[in-house]
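**Student:** A structural model of the following input is requested.
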Amino acid sequence: MKKTLALTAASALTLTLAACGSGASKDESGLTLTQAGKLTVCTNSPYAPFEYEENGKIVGLDADIASAIAKELGLEASMLSVSFEGIESGVALSSGQCDIALAGISVTPERSSVMTFSEVYFKDNLAILVPAGSNIKSPEDLAGKKVGVQQATSGEDYAQKAGAEVIQYEDYGLIQQAIQTGQIEAVVGNLSVLSQMLTSDSSLSVAAEIESGEEIAAAVAQDQTQILEAANKTIKAMQEDGRMTQLQEKYIGAAQQKQ
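**Tutor:** I've put the predicted structure just below:
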């Protein structure tokens, strides 16, 4: 009997801790938030120009959009860097780790089955980045080559289908180190992100741009309708009043704009 009671008490404690661990609570506005008074935003830094650290703070295109969405809700944006795998699987959102995700996320049918996407705020293509003197000139040349990708991304999917020897990395800072030191022969990723590597290292170049027509949007858990409505309203307003164009010029450059 004591054992049964002890197990029952332990189970109750586990449930209580699990509930507390989720962090989700009703805000005075009626929103269910991870932190009261804040819009907790899952992102994946460094992933310039969408998000990266500057003076200990996460900044970038996604951070500015997140701040505007938070303002629409009467909240303060709190950026939280987590693994991209956790974001794109939907776990970070469904578990209540964050209220919304902005992490340069491409809209795909698979991701749409586990999360709800906002209005698209940026369109991008994939590209192949190579070091000086590379014999990789086209997607067909990727077969059998050591290619660096960020895990759980469309770049990884493309490199695998091209027959490359795919090497996964957590972020693009590590990928840039790998290609500079000869650990990999090429990188496949979003052109907007690879352009940042080109800016910092003139020995790298784009071997080929792949017309993938990726659409990038914010994402919420499937039951976060109020936050989704605020995100859509904000993104549309920013597109109509020119703020989105200004941000894209600031962080990405007019030449890389796809909208």
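**Student:** how about the helices of the stretch 1-150 of the chain, start to end?
**Tutor:** In the stretch 1-150 of the chain, the helices defined using DSSP state H, counting those that start in this stretch lie at 2-22, 61-72, 84-88, 91-94, 109-112.
**Student:** lowest-confidence stretch among those helices?
**Tutor:** The minimum mean pLDDT among these belongs to helix 2-22 (a mean of 36).
**Student:** domains of the chain?
**Tutor:** The chain resolves into domains spanning 32-123+215-256, 124-213 when parsed by automatic domain parsing.
**Student:** Lys236 sits in which helix or strand?
**Tutor:** Lys236 belongs to helix 225-240 when assigned by DSSP states H and E.
**Student:** so which bits of that helix are buried?
**Tutor:** For helix 225-240, burial by neighbour count (16 or more other Cβ atoms under 10 Å) applies to Ile227, Leu228, Ala230, Ala231, Asn232, Thr234, Ile235, Met238. No exception for glycine: its C-beta is placed from N, CA and C like everyone else's.
**Student:** who's in contact with it?
**Tutor:** Helix 225-240 has contacts (Cβ atoms under 8 Å, 6 or more residues apart in numbering) with 30-31, 39, 65, 68-69, 71-73, 99-100, 116, 118-119, 121, 218, 220, 243-245, 247, 259.
**Student:** once you drop chain neighbours, what's closest to Gln196?
**Tutor:** Using Cβ to Cβ, 6 or more residues apart in numbering and skipping the chain neighbours, the partner closest in space to Gln196 is Ala48 (4.4 Å).
**Student:** looks like that neighbour contacts Val193 (just checking).
**Tutor:** Yes. Between Ala48 and Val193 there is a contact at 6.8 Å, judged by Cβ atoms under 8 Å.
**Student:** anything in contact with each of the two?
**Tutor:** Counting by Cβ under 8 Å, 6+ apart, the common neighbours of Ala48 and Val193 are Tyr172.
**Student:** quick one: the residue positioned nearest the centre of the chain from Thr153, how far?
**Tutor:** Closest residue to the average C-alpha location of the chain: Ala103 at 2.1 Å, with Cα atoms, centre = their mean. From Ala103 across to Thr153, the span is 10 Å (Cβ to Cβ, to the nearest Å).
**Student:** any residues in contact with both of the two?
**Tutor:** Common contact partners of Ala103 and Thr153 (Cβ under 8 Å, 6+ apart): Phe84.
**Student:** so, low pLDDT: which residues of the stretch 51-200 of the chain?
**Tutor:** Applying pLDDT under 70 to the stretch 51-200 of the chain flags no residue at all.
**Student:** quick one: the strands in it?
**Tutor:** Using DSSP state E, counting those that start in this stretch, the strands found in the stretch 51-200 of the chain span residues 52-54, 57-59, 76-81, 100-101, 116-131, 146-150, 165-169, 186-190.
**Student:** closest to Val206 out of those?
**Tutor:** Of all the strands of the stretch 51-200 of the chain, it is strand 116-131 that lies closest to Val206, at 5.0 Å by Cβ to Cβ.
**Student:** tell me what that closest one is packed against?
**Tutor:** When contacts are defined as 3 or more Cβ pairs under 8 Å, 6 or more residues apart in numbering; DSSP states H and E, strand 116-131 packs onto helix 154-161, helix 172-180, strand 186-190, helix 191-200, strand 204-220, helix 225-240.
**Student:** tell me the most buried of these?
**Tutor:** Of all the helices and strands packed on strand 116-131, strand 186-190 has the most neighbours on average by mean count of other Cβ atoms under 10 Å, namely a mean of 27.
**Student:** which residues does that strand contact?
**Tutor:** For strand 186-190, contacts defined as Cβ under 8 Å, 6+ apart pick out 104, 106, 124-130, 134, 136, 142, 145-150, 153-156, 158-159, 162, 164, 172, 175, 179, 194, 197, 207, 214.
**Student:** swap the cut-off to 6 Å and go again
**Tutor:** Identification of contacts with strand 186-190 by Cβ atoms under 6 Å, 6 or more residues apart in numbering yields 124, 128-130, 136, 145, 147-149, 155, 158-159, 175, 179.
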